[in-house]
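with the input below, show me the fold.
(2 chains)
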Amino acid sequence: MLVYPASSLLHSSFIVDMVSVFFILPILLVGLASSIYSTSYMSRDTGLNSYYTLLSAMILGMIGVVSAGDFFTFFLFWEIMSISSYALVAFRKDRWEPVEAGFKYLVMSSAGSALMLSGIAIIYGIAGTLNFAGIALATRTPTLVSDPWLILAISFLIVGFGIKAAIAPMHTWLPDAHPAAPSPISSLLSGVMIKTGVYGLLRFYILFQPLYAYWGMTLSILAFFTMFIGNLTAMLQTDVKRLLAYSSIAQIGYVTFALSIGTVQSISAGLLHVFNHAMMKGLLFMAAGALYHATGSRDISILEGIGRRMKLTGVLFSIGLLAIAGIPGLNGFISELLIIFASIRCELYLQTAILITNFLISVAYYLRLLQRIMLREPRSDLPEVEEAPASMIAGMVILATLCVAIGVYPGLLISMAELAGRAALDIGSYVAPILGG
Amino acid sequence: MLEPIILCSVALIAVALYGFYSKKHMIKMIISIEILINAANILIVTFGAYRVPGYVELLPQSLAILSISSAGGVTAVALALILAVYRVYGTVDVRKLRRLRG
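Numbers count the residues shown, from 1 in each chain, chains lettered A, B, ... in the order given. Modelled structure (predicted):
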């Protein structure tokens, strides 16, 4: 289903179909919540004019990336998003951690963008156009399957998108950059920005019809590698935000696996998980930021039992943790269940078993974190803390309400996700504008 | 005319990747990234000009200009970060930035 443009427009630079809508919604929701949250979280900082400008530019860039209709527009918005996120990660430039993490992120991510640009150039050389629909038409000839240039171009694209989506082994920037950024930025980066890489993988996975089989296999191997690295390293973390960052890597693994199956059910389950993960991870990073704002520490052993002192933040943090652990009644459960169903329906039993193992490993560390933050007695040397300011609570409540609401009434969102899954696989209606149909 | 320029661009990609992995000076790493972006620009411009003989397409040329300007933006942010690193660490050697375990 094409939302924009009307089908008679030729050479449009924006194409918005249901897949784009499904990515734009979480970007706007998390963007709104983190802007509200920022008003009190950043109140002690200087340079707020540039902070809000960069924040808006990053949200604009992400929306542009997911609604681009050709590589020119795609690359333009990709760079807007990337450059503003480099500056935001290193926003507190007088401390060692943001500066070091920001430099690492900048070097890896801009090398990835440059390789992606080389891939775009080669694809232009093969197809003769930068328009996605035109590329889909031009690469339909089956002789292209063994073309080494196309394979080179696609590996460049996988590296470029993989670095942004933090797919292992290209994930090493994420566990440094996400904890070092200010918390509202962490929730935007982890909640939605890494999903633009997933969007790129999904879009080109489907557009390059001849390479369907190779790309599916590559993606599923990378997905399992990503899940295991994310989950096993997350168990060893002592820093709340680092633990959440590693859990983001694992979640990207689940989404990539769902996309690699390539059926309507699996792609709509993957897209639903993209939406749900944006809500849960945005909420969790904001709650961790509220604890950090109150105590000045991100160490789990210092934060033990703080949920008894900051009751409202603690409850919101628990909602996020239970949702991401996949407890029935909250939103994470639904999309994880749908991914498992889609995988079983394709008779991928071994893969499903590995996936379920990973879900169980992740439950272990989420529940341990919940037990230590919420249930233990507070440490005797815990400083006197106050409840988080109202605007921080407001930002978190928006996302927590959505977590609960989607968990209780999933019907509307599941039917939207199914439309998006159908739209993603329906090349015919995507290329219709360029054919003048 | 197409092949020599493509070879030249591939050579530039190799030079950039060599610099990226062997150099430990932060500014040299940024220069490697610039070389990588320029290799991609050369590819884009070449395909735009020589893909169909006697006909130069305009969109790839403007993509190259866009990429040059965005590379300028990336370099500006990178140099500002290197300055901040120098103020905090007192060095621009990337081996000294090892406090994060990534």
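
now the helices for chain B?
B:2-22, B:26-50, B:58-89 (DSSP state H).

quick check: A:A400 vs A:L330, distance?
Here the criterion is CB to CB, to the nearest Å. By it, A:A400 lies 10 Å from A:L330. C-beta here means a position set from N, CA and C on the backbone, and glycine is covered the same way.

now for the residue nearest the centre of chain A: which residues touch it?
Nearest to the mean C-alpha position of chain A, counting by CA atoms, centre = their mean, stands A:K195 at 3.2 Å. Taking CB atoms under 8 Å, 6 or more residues apart in numbering or on different chains as the criterion, A:K195 is in contact with A:23, A:26, A:165, A:255, A:274, A:277-278.

for the closest residue to A:N131 other than its chain neighbours, phi and psi?
Spatial nearest neighbour of A:N131, excluding adjacent residues (CB to CB, 6 or more residues apart in numbering or on different chains): A:D70 at 4.4 Å. Backbone torsions of A:D70, given as degrees, to the nearest 10, read phi -140, psi 170.

hmm, stretch A:74-83 touching chain B?
Yes. Residues of stretch A:74-83 contacting chain B under CB under 8 Å from any CB of the partner chain: A:75-76, A:79, A:82-83.

taking the residues you listed one by one, which sit in helices?
Using DSSP H, the subset of the residues of stretch A:74-83 next to chain B located in helices is A:75-76, A:79, A:82-83.

highest neighbour count among these?
Neighbour counts for those, by other CB atoms under 10 Å in any protein chain shown, peak at A:S82, which reaches 26 neighbours.

quick check: it touching A:S113?
Yes. Between A:S82 and A:S113 a contact is recorded at 6.2 Å, counting by CB atoms under 8 Å.

find the residues that touch each one of these two.
Counting by CB under 8 Å, 6+ apart, the common neighbours of A:S82 and A:S113 are B:V74.

picking up where we left off before, wait, the residue nearest to A:N131 sits on A:A136?
No. Using CB under 8 Å, A:D70 is not in contact with A:A136, being 11.6 Å away.

residues near A:Y86, how many?
Neighbourhood size, A:Y86 [other CB under 10 Å]: 23.

actually, B:L7.
Around B:L7 there are 10 other residues, counting by other CB under 10 Å.

if I look at it, how far off is chain A?
14 Å (CB to the nearest CB, to the nearest Å).

which ones are touching residue 58?
Just so you know, I chose chain A. Listed by CB under 8 Å, 6+ apart, the contact set of A:M58 reads A:80-81, A:84-85, A:88, A:188, A:193.

oops, chain B please
Counting by CB under 8 Å, 6+ apart, B:L58 makes contact with B:G48.

how about low-confidence regions in chain B?
B:100-102 (pLDDT under 70).

so what's the residue nearest the centre of it up against?
A centroid search over chain B (CA atoms, centre = their mean) returns B:E34, at 2.5 Å, as the residue closest to the centre. Applying CB under 8 Å, 6+ apart to B:E34 gives the contacts B:71, B:75.

state the distance from it to B:S70.
12 Å.

hang on, the earlier thing: what's the overlap in contacts for A:A400 and A:L330?
Contact criterion CB under 8 Å, 6+ apart; residues shared by A:A400 and A:L330: A:I319.

one step back: which residues touch the residue nearest to A:N131?
A:D70 sits in contact with A:11, A:13, A:129-132, where contact means CB under 8 Å, 6+ apart.

same question, A:L222
Residues near A:L222 by CB under 8 Å, 6+ apart: A:162, A:167-168, A:256.

and it, what pLDDT?
Here, the pLDDT recorded for A:L222 equals 93.

again, but for A:T352
pLDDT, A:T352: 94.

quick check: it touching A:S343?
Yes. A:T352 is in contact with A:S343 according to CB under 8 Å; the separation is 4.6 Å.

most tightly surrounded among the helices of chain B?
Among the helices of chain B, ranked by average contacts under mean count of other CB atoms under 10 Å in any protein chain shown, first place goes to helix B:26-50 (a mean of 21).

what's the offset of it from the middle of its chain?
Centroid displacement of helix B:26-50 relative to its chain, using CA atoms, centre = their mean, to the nearest Å, is 5 Å.

for the residue lying farthest from the centre of chain A, give its distance to chain B.
In chain A, A:S380 marks the outermost C-alpha relative to the chain mean, sitting 38.1 Å out by CA atoms, centre = their mean. As judged by CB to the nearest CB, A:S380 and chain B stand 30 Å apart.

quick one: secondary structure of that residue?
Here A:S380 is coil, with the state taken from DSSP: H, G, I helix; E, B strand; the rest coil.

can you give me the pLDDT of it?
78.

next helix or strand past the helix or strand that contains A:G253?
Here A:G253, judged by DSSP states H and E, is contained in helix A:240-261. Helices and strands here follow DSSP H and E; after helix A:240-261, the next one along the chain is helix A:264-295.

can you pull the buried residues of that next one?
Residues of helix A:264-295 classed as buried: A:264-295 (neighbour count, 16 or more other CB atoms under 10 Å in any protein chain shown).

between which two of the contacts of A:D70 is the distance greatest?
Largest separation among those by CB to CB: A:S13 and A:T129, giving 12.7 Å.

who has more neighbours out of those two?
Ranked by neighbour count (other CB under 10 Å), A:S13 and A:T129 place A:T129 first, with 20 against 17.

quick one: secondary structure of the nearest residue to the more buried one once chain neighbours are set aside?
Closest residue in space to A:T129, ignoring its immediate chain neighbours: A:I135 at 6.3 Å, by CB to CB, 6+ apart. Secondary structure state of A:I135, per three-state DSSP, is helix.

related to what we said a few turns ago, the contacts of A:D70 in helices, which ones?
Applying DSSP H to the contacts of A:D70, the entries found in helices are A:F132.

make TSV out of the contacts of A:D70 and add distance to A:D176.
Output for the contacts of A:D70, formatted as TSV (distance: CB to CB, whole Å):
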residue	distance to A:D176
A:H11	41
A:S13	35
A:T129	39
A:L130	34
A:N131	37
A:F132	33
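
from the contacts of A:D70, pick the one nearest chain B.
A:L130 (5.8 Å; CB to the nearest CB).

so the closest one makes contact with B:S62?
No. Taking contacts as CB under 8 Å, A:L130 lies outside contact range of B:S62: 10.0 Å.

and for these two, which residues touch both?
With CB under 8 Å, 6+ apart as the test, A:L130 and B:S62 both reach A:F72.

mind listing what's buried along stretch A:323-332?
Within stretch A:323-332, the residues that qualify as buried by neighbour count (16+ other CB under 10 Å) are A:323-327, A:330-332.

same deal with stretch A:34-49?
Quick answer for stretch A:34-49 (16+ other CB under 10 Å): A:34-42.

which SSE is the residue nearest to the centre of chain A in?
helix A:194-207.
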